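[1] Here's my sequence, what's the structure:
(one chain, ligands or ions: 2)
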Amino acid sequence: MITIKTLEEIELMRESALIVSKTLGMLAAEVKPGVSTLQLDTLAEAFIRDHGAEPGFLGLYDFPNTLCMSPNAQVVHGIPNKDALVEGDIISIDCGALKNGFYGDHAYTFEVGEIDPETKKLLEVTKQSLYEGVGQFKAGNRVGDVGYAIQKYTEDRGYGVVRELVGHGLGRVMHEDPEMPNYGKRGRGKKFTEGMVVAIEPMINMGTKSINQLNDGWTILTKDGKPSAHFEHDVAIVNGKPELLSTFKYIDAALGIQTDAEDEFRSVPLVL
Ligand code: MG
Ligand code: MG
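    Ligands and ions are numbered 1, 2, ... in the order given. Next comes the predicted model:
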């Protein structure tokens with residue numbers, strides 16, 4: 001069942017989403033060679049609690065930590081550990097927060113020091129595919145329109161689109177209807193209406209779309225061992241159009257990135 005949110009609820013969801021955005025922005029300055037994913041996890045948990053929220057993933061389906069930390073060939077759902085990140089790694093960080101009864105849930109793939117150009121391209125294309133998908137999340141469109149846009153943009157550039165894991169509706173529950181695959185056919189699937197809120201989250205592999213799962217019961221990784229990227233935003237439909245609730249602007253500020261990719265999807269000015 002799809003849960004429609006009121007404008008008041010959407011503003012509460014923006015608050016939850018922005019706590020995650022700020023957490024990722026804080027982490028952006030901390031991701032560097034020598035730091036462990038467990039150290040970053042500890043920082044994130046304290047930061048979220050300091051902002052009056054609860055970590056959204058900790059304990060969810062018995063997940064043991066605050067962040068899903070998925071380096072290199074890991075796609076999603078990696079568990080933080082004491083291994084140090086090294087120069088040239090990429091690290092996908094997925095973060096959730098719960099405040100006022102609503103979840104925020106978004107993700108970014110960071111570069112650790114200097115990375116090779118081929119992997120940099122994977123990150124750029126995956127991030128842009130997220131905005132291609134967001135642009136299709138509007139009243140009257142359907143689930144397949146978002147999936148098609150992401151699949152077309154990434155497969156045209158030679159990448160693999162993970163099939164087994166998908167985006168989702170978001171609200172008082174972390175994973176609500178509808179499922180939001182990163183592949184699909186235009187005009188197919190459930191229709192989007194005013195007040196829907198979803199997490200759109202392309203998981204894109206440099207090589208094959210096929211995945212394996214580690215026997216920790218969580219970690220998903222690419223079958224061919226090539227890198228995978230993951231970017232995720234929370235988006236509502238307001239006045240028929242996509243309205244971004246989360247933002248990468250805190251990350252951009254920390255990393256000195258200049259971009260206007262988000263601006264067309266935000267009606268409320270963002271004060272950093
Ligand atoms: Mg997520
Ligand atoms: Mg999600």
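[2] For the rest of this, base every contact and every neighbour count on C-alpha atoms.
    Fine.
[3] tell me which parts of the stretch 51-200 of the chain are close to ligand 1?
    Taking CA under 5 Å from the ion as the contact definition, the stretch 51-200 of the chain meets ligand 1 at 94, 105-106.
[4] The residue nearest to Val235 when sequence neighbours are not counted: neighbour count?
    Distance criterion CA to CA, 6 or more residues apart in numbering; nearest residue to Val235, sequence neighbours excluded, is Leu244 at 4.5 Å. Leu244 has 23 neighbours, counted by other CA atoms under 10 Å.
[5] Leu244 and ligand 1: what is the separation?
    15 Å (CA to the ion, to the nearest Å).
[6] got it, and Asn81?
    For Asn81 relative to ligand 1 (CA to the ion), the value is 19 Å.
[7] Setting the sequence-adjacent residues aside, check what's closest to that residue.
    Leu38 (4.8 Å).
[8] wait, isn't that neighbour in contact with Pro80?
    Yes. Between Leu38 and Pro80 there is a contact under CA atoms under 8 Å: 4.7 Å.
[9] need the contact list for the residue nearest to Val235.
    By CA atoms under 8 Å, 6 or more residues apart in numbering, the contact set of Leu244 is 233-236, 262, 265-266.
[10] the longest helix in the protein is where?
    Using DSSP state H, we find that the single longest helix of the chain is helix 7-28.
[11] quick one, helices of the protein?
    So, for the chain - with DSSP H - the helices run 7-28, 37-50, 117-134, 143-155, 249-255.
[12] Residue nearest the middle of this structure, spatially speaking?
    In the chain, the residue lying closest to the centroid (CA atoms, centre = their mean) is Glu232, at 2.0 Å.
[13] circling back to that earlier point, and Leu38 and Pro80? which has more neighbours close in?
    Pro80 (22 against 19).
[14] Could you report the distance from that one to ligand 1?
    Distance from Pro80 to ligand 1, by CA to the ion: 15 Å.
[15] pLDDT value on that residue, please?
    Turning to Pro80, the model gives it a pLDDT of 98.
[16] Repeat that for Gly217.
    95.
[17] Can you flag which of the contacts of Leu244 belong to strands?
    The strands, defined by DSSP state E, take in 233-236 from those.
[18] Closest one to Thr126 out of the residues you listed, please.
    Thr126 lies nearest to His233 out of the ones in strands among the contacts of Leu244, by CA to CA, at 12.3 Å.
[19] That closest one pairs with what?
    Bridge pairing for His233 (DSSP bridges) gives the partners Ile200.
[20] And for the one 4 residues further on?
    In this entry, Ile237 is beta-bridged to Pro242, by DSSP bridges.
[21] measure it to ligand 1 for me?
    19 Å.
[22] these two touch, right, Gln151 and Tyr183?
    Yes. Shown here, Gln151 and Tyr183 form a contact pair, counting by CA under 8 Å, at 4.8 Å.
[23] Excluding residues flanking it in the chain, which one is nearest the residue nearest to the centre of the chain?
    Using CA to CA, 6+ apart, the nearest residue to Glu232 is Glu201, at 4.1 Å.
[24] which ones are touching the one you found?
    By CA under 8 Å, 6+ apart, the contact list for Glu201 reads 106-107, 130, 166-167, 182, 230-233.
[25] how about 6 Å then?
    167, 231-232 (CA atoms under 6 Å, 6 or more residues apart in numbering).
[26] cool, Val235 as well?
    Contacts of Val235 by CA under 6 Å, 6+ apart are 197-198, 243-245.
[27] most surrounded residue in the residues you listed?
    Val197 (31 neighbours).
[28] quick one: Ser210 from ligand 1, how far?
    20 Å.
[29] any idea how far Tyr250 lies from Ile257?
    Note on Tyr250: its distance to Ile257, by CA to CA, to the nearest Å, is 10 Å.
[30] In terms of neighbours, single out the busier of those two.
    The neighbour comparison of Tyr250 against Ile257 (other CA under 10 Å) goes to Tyr250, with 20 against 12.
[31] if I pick the more buried one, what's in contact with it?
    Tyr250 neighbours (CA under 6 Å, 6+ apart): Gly25.
[32] Tell me the pLDDT of it.
    Tyr250 is given a pLDDT of 98.
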